[in-house]
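Trainee: turn this into a structure:
(2 chains)
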Amino acid sequence: MSPYLHVRVGVDVPGWQEAIRAACTPLLTAGVVEPRYVDACIDMVRRHGPYAVLAPGIALPHARPEDGVHRVGVSVAVLSFPVEFGHPENDPVDVVIAFGSPDAEQHIDLLAALAGGLSTGLADRLRAASDATEATKLIEEVIEDV
Amino acid sequence: MSRGRAGEPLHVVTVCGVGMGSSLILRMTAEKALAELGVPARVEATDVSSAKSLRPDVILGQGMHTSEFAGAAPIVLAVSNFVDAEALKRDLEGPLRDKGWLE
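Mentor: Numbering: from 1, shown residues only, chains lettered A, B, ... in the order given. A predicted model of the protein is given here:
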């Protein structure tokens, strides 16, 4: 089964917790994750710091498979206004990529594809996308072989 | 030939809070950087609490995590951009040379 994918642009949120919730909500609606997964994603950042901000402007919130994940899914929220996660170098964040995986293996190809995209300017292409359809295509191009 | 402590490939550990997202992406970036440097390495992604017990040659992670690892590996390097292999290559070169793992 190919991973569930959802992309939104122009998402308005006041802060990092709402940004994580906004990115996770489509996963919740689609039944990819349980409600507790969203809280777990926020809790991870509270407990371990904003390590999910893995490059300038880009956050990759996620929690553990045992936090309630039914299949591999990724949901991208491109924010209208960047928010602070509290990361010393990579703040502020305007591309939030939430994902979930039911185990420690199934998402590896997806993340590898996303990492490849992000290392070659995917975040900037997403920021420049005029609507969700265009942004979805940009992600699909990157993960087409997954 | 560049190699780690026991003549084996370098054991490199990438860390993040969960050990399956950011650290996995950093693992891919590290594999690319080390391959381009010509340093044979085995790169493993893990969570913060498991990293110390692995006793690796190199620990890579966010500064907020690597500060917990002072002395836990011969090289402990804070990485802020997990998808920039070029920057990681530049940052790794000096420490690897200092340890004699890169000629």
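
Trainee: what's around the residue of chain B found nearest chain A, how many residues?
Mentor: Nearest to chain A in chain B, going by Cβ to the nearest Cβ, is B:Gly17, at a distance of 3.2 Å. C-beta coordinates here come from the backbone N, C-alpha and C atoms, glycine included. By other Cβ atoms under 10 Å in any protein chain shown, the residues close to B:Gly17 number 27.

Trainee: what's the closest non-adjacent residue to it?
Mentor: A:His48 (3.2 Å; Cβ to Cβ, 6 or more residues apart in numbering or on different chains).

Trainee: try A:Gln106
Mentor: The spatially closest residue to A:Gln106, leaving aside those adjacent along the chain, is A:Val72, at 5.0 Å (Cβ to Cβ, 6+ apart).

Trainee: and that neighbour, what does it touch?
Mentor: A:Met1, A:Pro3, A:Tyr4, A:Val32, A:Phe99, A:Gly100, A:Ser101, A:Pro102, A:Gln106, A:His107, A:Leu110 (Cβ atoms under 8 Å, 6 or more residues apart in numbering or on different chains).

Trainee: please flag which of the residues you listed sit within helices.
Mentor: Among these, the members falling in helices (DSSP state H) are A:Leu110.

Trainee: would you list every one of the helices in the chain?
Mentor: Using chain A here. Counting by DSSP H, one finds helices in chain A at the ranges A:16-29, A:35-48, A:108-118, A:122-128, A:132-143.

Trainee: can you look at chain B instead?
Mentor: Assigned by DSSP H, chain B shows helices spanning B:22-37, B:48-51, B:63-66, B:85-98.

Trainee: right, so these: which one is the most enclosed?
Mentor: helix B:22-37 (a mean of 23; mean count of other Cβ atoms under 10 Å in any protein chain shown).

Trainee: so where's chain B uncertain?
Mentor: Within chain B, the set of residues satisfying pLDDT under 70 comprises B:1-6.

Trainee: by neighbours, which of the contacts of A:Val72 wins?
Mentor: Neighbour tally across the contacts of A:Val72 (other Cβ under 10 Å): the maximum, 33 neighbours, falls on A:Gly100.

Trainee: residues contacting that one?
Mentor: A:Gly100 makes contacts with A:Leu27, A:Val32, A:Val33, A:Tyr37, A:His62, A:Ala63, A:Pro65, A:Val69, A:Val72, A:Gly73, A:His107, as judged by Cβ under 8 Å, 6+ apart.

Trainee: give me every residue that touches the fourth one.
Mentor: For A:Tyr37, the contacting residues are A:Cys24, A:Leu27, A:Leu28, A:Ala63, A:Asp67, A:Gly68, A:Val69, A:Gly100, by Cβ under 8 Å, 6+ apart.
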